[in-house]
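K.L.:
Compute the structure for the input listed below.
(one chain, ligands or ions: 1)
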Amino acid sequence: MIMICDFCIFGRATSMFVIPMGFSLSVVDDLAQLTELDGGRWPSCDDCEPLVEQREEAELTARVMSVFRESGLLSSFSPEELAAIESHLDGKFTALFDADPIKQPI
Ligand SMILES: [Zn+2]
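P.N.:
From the prediction side, this is the model:
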């Protein structure tokens, strides 16, 4: 079974981050008033994995934005919208890291 990285949504997932049971995540920001994060399991590629493992949300956000930009995925967004997307990602990763996800093999 092929799994895609939940962080950059491009790389092949090679590890899995699992949120401890009973932890519920939510993010409030300008992009989505309330985004309930999918609890449970977050597959990760080799490039995102060390940033998740080390809880580097700023670097992880920068990496994901870079992958999105290179793919052309963000070409139609204004600078203000890009800032909102970046802020959303950062908030999502911060909430995820607060849950202290544990790395497991896939
Ligand atoms: Zn990735």
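
K.L.:
State the number of residues packed around the closest residue to Leu51 other than its chain neighbours.
P.N.:
Using Cβ to Cβ, 6 or more residues apart in numbering and skipping the chain neighbours, the partner closest in space to Leu51 is Leu60 (4.1 Å). C-beta coordinates here come from the backbone N, C-alpha and C atoms, glycine included. Using other Cβ atoms under 10 Å, the number of residues around Leu60 comes to 26.

K.L.:
Assumed Leu60 was part of a strand.
P.N.:
No: assessed with DSSP: H, G, I helix; E, B strand; the rest coil, Leu60 is helix; it does not lie in a strand.

K.L.:
Contacts only, for it.
P.N.:
Going by Cβ atoms under 8 Å, 6 or more residues apart in numbering, Leu60 touches 7, 48, 51-52, 89, 93.

K.L.:
ok, which residues in this protein are in contact with the ion?
P.N.:
Proximity of the chain to the ion, by Cβ under 5 Å from the ion, involves residues 5, 7-8, 11, 45, 48.

K.L.:
try 6 Å
P.N.:
Residues of the chain found near the ion (Cβ under 6 Å from the ion) are 5, 7-8, 11, 44-45, 47-48.

K.L.:
Now do the phi/psi pair for Met16.
P.N.:
Dihedral pair for Met16: phi -130, psi 130, per degrees, to the nearest 10.

K.L.:
Compute the number of surrounding residues for the residue lying closest to Pro50 once chain neighbours are set aside.
P.N.:
Excluding the flanking residues, the one nearest Pro50 by Cβ to Cβ, 6+ apart is Glu56, at 8.0 Å. Per other Cβ under 10 Å, the neighbour tally for Glu56 reads 15.
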